[in-house]
Structure formats: structure tokens, C-alpha cells
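Trainee: following is a predicted model, sequence given first.
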Amino acid sequence: MNTLFDELRQKNKTFSFNGFSAVRDEKGVTVTFDFSLDGVCEFHPTTTVFTDNLTLLNDFDSPSAKSILFALGMVELVSYWKAACPPTVLVRCGRLSDEDVLWWKKLWWGGLGEFFYRNQIETDFDSFVQIKSEGDFPLWQGCRTGGLSLVPVGGGKDSDVTLSLLSDRKDRLRCFTVNDQLARTQGVLAAGLNESDIVRTKRIIAPELLELNRQGYLNGHTPFSAIVGFLGLYCAYLIGATDLILSNESSANEASVAGQAVNHQYSKSYEFEQDLNRYIQAHFGGFARYFSLLRCFNELQIAAQFAALKQYHGVFVSCNAGSKQNIWCGRCAKCLFVYIILSPFLSPEELAKIFGSDLLNKEELRADFLGLTGQAASKPFECVGTVREVNAALTETKKQYLMRGEPLPLLLRDFAGGEPIKPLLTEFNEENSVPDEFLHYTKEMYAYASSLS
């Protein structure tokens, strides 16, 4: 039990969302939020949408725009609230209905599950926070649309697969990034698109939060993908896009801790996808569809598809530790997971070329290996696949080593094995929101993955 949680809540009774503003200059639109940990400090984080390469169909500061920015602020504030976890959040810039309060509490609760777990905080849905509101809620007043689709690109294999599947729609595609990383731009270029097709954004954390962290206030994971979702909707609104096409797989639905509702990827889950679509209908006039093109598939099927897309192999990077240097660090659970999930489909030489070494031969990765294979209390708190998928991938990889008569890598020597890979390559997750006109892309990918079984 974390006594600091209770101590901070006793000292810090309220957190306020006071307002937000948006201004535009020759480079783009900068949104500034006004939060305060009352009696301690204020936070003014900014997010900029660069518009110098864009044609805007809608006003950046209209009532409709403000209704999206208000919602973006409601999810941004969690990063600042969590420093002291005050029992009350006072929303001073928009009145929320009882239904709205429950919607936001559900997102915060699910998105903070890892934060509570890793900080050993004991609380419950009813008591972790109360949300009070005052003022006028920004009301949606419609928008112009231009028939575009917006694809968030993170630099990893998943969004590269999505771009590849949508190659016949290139003239109607735009890509969306949060903070620059070379792998993101290179992935867009490898898909045959141009840098002018990228909607770039830059999110800056308020320095006061970093100072509180330095002083020992609480810190931890928040629902970042929900921030990406609402920021993506604002960008879609600006350019008149009517689809926000994600690359979240069925595996994102699995809990990080067995038997508990703690999911590092909660805001990538199908549950949140459904919730956000309901919010879009209720508050944004249903102007855009929010769906994952890859929700039908597991990580193994996506890896099989990606393995055939050689043009991306030298440019993709999804290692959080190495993201600023645009490298695979080769020392973290995310690197190990991606290496494992690709290992049935690429040779050890191809994998070493991507990652710089044979990660299955690294003793320092054994703890992560045990977590990924279900031999530890929890999976690594990263965006990784299911235990079942990891074990099936390793079972196939071990079999291939034995068939070639090659020595097993260090981490495979004591690996007992799991189920065969073939059944997983023929799965199709019916719980998805893929619109009818996009289903032929999923059928194309399913046919390829099934052909490998």
C-alpha cells in the first residue's frame, strides 16, 4: 500500500481544468491548456499542429474545434492530476452531464490501471476521483469534409502494415504524427507518400510536472493513445478527414497482469475504441469514424504481413528507449518482443541486420523473456502481444533452429514450447469496427496469413 498517495490527497484537495486557448501563426496552431494543482502550481502544456503544408477546411478556433480541444484537455489533464491524485477534479471550462462524468471516469480509471498497480495504490472506481464542472460546454456546430482518411503513424511495424494495405488510396490518405521521429517520416516515404502528406504535431510537457516528479510526487503511465485519439480527431477536423484509421491489433485487449484489469494498452483496446466512437457520435456530430484496420488480427498475423514488406525493414523503429536516437536499443522488452514476433518469418541474419544482434542470445533479457512468455507475475509494461502469441512464435522459431541443425540461442535452450503457430495464423477477430468499404483489405491480409499455415 502506498501511503504517499493518501498523504498527497490530504494535502491537495482539488485539481482544476481552468481553460484552453488556440492561436495560429504562419507555422501552425498552438493549443495551450490551463491546469492547476490548486495551492501548489499551475501547468500550461502546449500542443502545436503544424499547418504550413496543409489545406485547412475548417476554422481552428470554431465552436466545433473547441469541443474537440475541450475533450483533448480532459485526457491531457490526467498526466498532471496523477502527480498528487487530488480527490476532486474541478472542470471550470465546461459543464459535464452525469453521463459525461462516467465516460471520463471510465477512461481515466482504465488508463491509470498500470499507474495504480505499479505505485501500489489501493483505490476503487467510485472513490479515486470526483469530477465537478461549471461553465458552458463547447457545442459542436458541424464541419466541412473532404473525403480524406488520416492514419496515425508511430514508426513501428503496425502502422507500416496499415499504410501498405491502403496503398490504392494514397491520393486520399494523410498521415499523422505526434512529435518527430525519423522512422515515422521514413515509413511514410516507404509507403509511397510524401512529407507533405504528414500532419505533424508537437506535444510539450509542462516543466512544472517534471519538477514535481523530481521532488518525489507520484509518476507513472497514463492513457497516451487516448491523447493521440483526440488530437488525431482535431487534426482530422482541420483538414476535413472523415476517418481516423488506427493500427491496433486484437492483442491490445489482453491484460498486462493476469487476473487483473490492468492493461498497459487500455486506450488501444477495442473497448476504448467503441467508447470513443460513442463520444464522437454524442459530442462531435459523428463527423469521423475511429477504427483500427488491424483489429481483426493478432500480432503474429501482423508480423507475417510485415515480414513480406521488405521496404520497411530498414526504417521501422518502435523501441521507446531508443526512439530519440531512432535506434533499437537491443536491451528492452519492446525490442525483444518485436524480435520474437518476427522470428518465425525472418532469418536470424535478417533479424540481426534490423536489431544489431541476436536478442535471443542475451542473458540480460531473461527477465523480460520470462515476462513475455508468462513465467512472471506480469507481462512487461510495454505495447507487446499476448503470452500465447509469444509462445507460439518461439515454438516455431525453436523448431526452425532444430530443423536446420543449428545451436539454439541462449533463451531458447530451456524454453519448453507452446502451441503451434498455424492456428493463430488463421484466426479472425470478429470484434472490430472496420467499415464495410475497408473489409476487402482485411480479407486480403487474412488470405496471406492463412496461406502460411
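Mentor: Right, received. Where do you want to start?
Trainee: isn't residue 223 right up against residue 77?
Mentor: No. With contact defined as Cβ atoms under 8 Å, residue 223 does not reach residue 77; the gap is 11.6 Å. Backbone N, C-alpha and C define where each C-beta goes, glycine included.
Trainee: who touches the spatially closest residue to residue 155 that is not a sequence neighbour in this structure?
Mentor: Nearest residue to residue 155 in three dimensions, chain neighbours excluded: residue 183, at 3.4 Å (Cβ to Cβ, 6 or more residues apart in numbering). Contacts were defined as Cβ atoms under 8 Å, 6 or more residues apart in numbering; by that measure residue 183 touches 155, 156, 315, 316, 317, 318, 326.
Trainee: okay, those residues in CSV with neighbour count and distance to residue 309 next?
Mentor: CSV is the format used below for these (neighbours: other Cβ atoms under 10 Å; distance: Cβ to Cβ, whole Å):
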residue, neighbour count, distance to residue 309
155, 23, 14
156, 21, 12
315, 18, 11
316, 24, 9
317, 25, 15
318, 22, 15
326, 17, 19
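Trainee: show me which of the residues you listed is closest to residue 369.
Mentor: When the contacts of residue 183 are ranked by distance to residue 369 (Cβ to Cβ), residue 318 comes first, at 18.3 Å.
Trainee: show me where the stretch 1-150 of the chain has helices.
Mentor: 3-11, 63-76, 78-81, 98-111, 113-118 (DSSP state H, counting those that start in this stretch).
Trainee: and residue 26, how far from residue 50?
Mentor: 10 Å (Cβ to Cβ, to the nearest Å).
Trainee: for residue 427, same thing?
Mentor: In terms of Cβ to Cβ, residue 427 sits 40 Å off from residue 50.
Trainee: which residues of the stretch 351-453 of the chain fall in strands?
Mentor: Counting by DSSP state E, counting those that start in this stretch, the stretch 351-453 of the chain has no strands at all.
Trainee: walk me through the domains of this structure.
Mentor: The chain breaks down by automatic domain parsing into domains covering 3-138+145-292, 318-427.
Trainee: okay, those in CSV with mean pLDDT next?
Mentor: Converted to CSV, those look like this (pLDDT from 0 to 100):
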stretch, mean pLDDT
domain 3-138+145-292, 96
domain 318-427, 95
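Trainee: quick one, which of those gets closest to residue 304.
Mentor: Closest among those, using Cβ to Cβ: domain 318-427, at 5.4 Å.
Trainee: distance of residue 111 relative to residue 154?
Mentor: Counting by Cβ to Cβ - residue 111 and residue 154 are separated by 18 Å.
Trainee: what's around residue 336, how many residues?
Mentor: Using other Cβ atoms under 10 Å, the number of residues around residue 336 comes to 26.
Trainee: scratch that, residue 221
Mentor: Other residues near residue 221 come to 20 when the count uses other Cβ under 10 Å.
Trainee: got it, and residue 196?
Mentor: By other Cβ under 10 Å, 9 other residues sit near residue 196.
Trainee: that one belongs to a helix, doesn't it?
Mentor: Yes. Assignment of residue 196 by DSSP: H, G, I helix; E, B strand; the rest coil places it within a helix.
Trainee: which SS state does the residue nearest to residue 155 fall under?
Mentor: State at residue 183, reduced to three classes by three-state DSSP: helix.
Trainee: report the separation between it and residue 328.
Mentor: Going from residue 183 to residue 328 by Cβ to Cβ gives 10 Å.
Trainee: rewinding a little: and residue 231, which of the helices of the stretch 1-150 of the chain is closest to it?
Mentor: Across the helices of the stretch 1-150 of the chain, closest to residue 231 is helix 63-76 (Cβ to Cβ), at 5.9 Å.
Trainee: what about the longest helix in the protein?
Mentor: Across the chain, the longest stretch assigned as helix under DSSP state H is helix 387-404.
Trainee: in it, what counts as buried?
Mentor: Within helix 387-404, the residues that qualify as buried are 387-398, 401, counting by 16 or more other Cβ atoms under 10 Å.
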